[in-house]
Each structure stands twice: as structure tokens, then as C-alpha cells.
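# using only what follows, build the 3D model:
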Amino acid sequence: VMGATGSGKTTFINIASGSDLRVGMGLESCTNEVQTSQSFMLDGKRVVLVDTPGFDDTTKSDTDVLKMIAAYLQTIYEHGARLAGVIYMHRISDFRMGGTSKRNFKIFRELCGESSLKNVIIVTNMWSEVKREIGEAREAELASKDKFFKPVLEKGARMLRHDGALESAHTILRYLINSQAATLRIQQEIVNEHKPIEKTAAGAELRRALDEQADHHKEEIRNLKAEM
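Numbering: from 1, shown residues only. From the prediction side, this is the model:
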């Protein structure tokens, strides 16, 4: 389960699995390491959910977060375990999908790779925090614009709503537990192709985003000096 800090990843996992992973209620993120839920049975299958820190974590850099997630994915792949799928959480209550959210999703997409998008579900949550018509308008925009989720939806990913209830969480998971297991691009790159993390597609995307951010900050400093 991936997504921005505060997008409800840990809460979703606790609801679905009956676990008691620590949830962040303040401005600081709680999930600063990859952690797993207690296993539970769903339709006769044993399910374990994996909680990950967001790329905008308050205590770790984006590079550290990517290394942590990659190390976990590498370990389970080398031990023969395969993911049934990946869930990306998105708050429908967000007024807009800003630069940080777009960057997070770009890294997520590169980490997964095109071939595993059929095993991806984008879960919109926090519906109770917005008027229904506003939420539906945002949902339609996310699904129909190239700069948001349209490209991945066209390649097999799904977008589903989570209403905060157990049955809603289990309905979402049923789409994945019956799927053919996925090998993510980053697993293929690190384990099979022996690439260092900075040479993976996700690592390259993160580097590009950080370079862009650095250039933007330099420009702001130049402008500020010119005004002083």
C-alpha cells in the first residue's frame, strides 16, 4: 500500500486486516519504515498487507524512502514471494493534486512499470470530508486528465472508492487477490538486471524530480537577491 504521507494507508490496512499499526494523527508521519499487517483470511486466501512510508515523509528523505521500499521488494522477490498487487491511496478531500502528489505518483508509476499496472488499484478515500458532488467532480477529473491518473487507467489500473468500512476495504482487496501475481519493474531491475537503485526507472525519476526542485530553488534565491 503506497501513497502520500497522511493519505490513509495505515488506517486502510488496520481496517482491512484488524491490525493495530501506529497511525499518524498530527503533522508528522508515523510510518517511517516498511511494516506488515497481521495475516488474515479473505475468500479462503491468506492476505498480508504492506505499509510503506510516503515520498514526502517528515522524517526521511525521498531517497531514503525509495531505498527502504526497494530493499523490502528485493528481499521478498529473492525469497520467492510475489505481490498480488499494489494499492495507491489518494485523498479525494485534497483541493488539488499539487506538485508533490504528482511527483509521488510518477515515482510510483516508474517503480511498478507498465506491465504490472493491471495489478494496481488507485483507492480514493476520505469521501466523508467532502460533499458528494465535489468528490465526484474531482474523481472524474483524476480519471480523465493525462496529468493525473488517466494514462495508468488506460493501461489496466483501476480506480475504486473506499468509504472507511471493512467491507469496502475487502471489496477492493478482492480485485487483487484473484489476480495473477505481479513482478514490479524495480524488482526486475534490481534482482534480475543487477542495477543499482539510482539506475532504476524509479531512481532516475526521483533524481530528475530532485534536480528540478533544486533548479527551482536556485531561481527563487536569484530572484530574491535581485529584489534586495
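
# got the confidence number for Ile76?
The model reports Ile76 with a pLDDT of 94.

# equivalent analysis for Glu212, please.
Confidence at Glu212, expressed as pLDDT, is 82.

# and for it, the neighbour number?
Glu212 has 12 neighbouring residues, counting by other CB atoms under 10 Å. To be clear about C-beta, it is placed using only N, CA and C from the backbone, and glycine gets the same treatment.

# for the one 4 residues further on, same thing?
Here the count is done by other CB under 10 Å, and His216 has 11 residues near it.

# list the buried residues for the helix or strand hosting it?
Using DSSP states H and E, His216 sits within helix 201-227. Across helix 201-227, burial judged by 16 or more other CB atoms under 10 Å covers 201-203, 205-206, 209.

# gap between it and the chain center?
23 Å (CA atoms, centre = their mean, to the nearest Å).

# list the helices and strands that helix packs on?
Helix 201-227 sits against helix 62-78, helix 99-112, helix 185-187, with contacts defined as 3 or more CB pairs under 8 Å, 6 or more residues apart in numbering; DSSP states H and E.

# tell me what angle it forms with helix 62-78.
Using axes from the mean of the first three to the mean of the last three CA atoms, to 10 degrees, the inter-axis angle of helix 201-227 relative to helix 62-78 is 180 degrees.

# any idea how far Asp215 is from Asp94?
Look at Asp215 and Asp94: by CB to CB, to the nearest Å, they are 26 Å apart.

# name the SS class of Ser93, please.
Secondary structure, DSSP: H, G, I helix; E, B strand; the rest coil: Ser93 is coil.

# I'd say it and Thr124 touch.
No. In this structure, Ser93 is not within contact of Thr124 by CB atoms under 8 Å, at 9.3 Å.

# between the two, what contacts are shared?
Common neighbours of Ser93 and Thr124, using CB atoms under 8 Å, 6 or more residues apart in numbering, are Gly135.

# higher neighbour count, these two?
Thr124 (24 against 17).

# quick one: buried residues of the helix or strand where the more buried one lies?
For Thr124, the element it lies in under DSSP H and E is strand 120-125. Using 16+ other CB under 10 Å as the test for burial, strand 120-125 gives 120-125.

# pairing partners for it, with directions?
strand 86-91 (parallel), strand 158-161 (parallel) (DSSP bridges).

# mind giving me the packing neighbours of whatever helix or strand comes next after that strand?
Going down the chain from strand 120-125, the next helix or strand is helix 132-144, by DSSP H and E. Counting contacts by 3+ CB pairs under 8 Å, 6+ apart, helix 132-144 packs against strand 120-125, helix 150-154, strand 158-161.

# could you report the separation of His90 from His217?
Relative to His217, His90 is positioned 27 Å away (CB to CB).

# correction: the previous question concerned Tyr88.
Counting by CB to CB, the gap from Tyr88 to His217 is 28 Å.

# what does Leu42 give?
Using CB to CB, we find Leu42 at a distance of 46 Å from His217.

# quickly list what Val123 is bridged to.
Bridge pairing for Val123 - DSSP bridges - gives Met89, Leu160.

# quick one: residues contacting it.
Contacts for Val123 were tallied using CB under 8 Å, 6+ apart; they are 12, 87-90, 159-162, 172.

# nearest to Gln35, of those?
Distances from Gln35 to the contacts of Val123, taken as CB to CB, are shortest for Phe12 (13.4 Å).

# so what's the closest one up against?
Contacts of Phe12 by CB under 8 Å, 6+ apart are 1, 87, 89, 123, 125, 162, 169.
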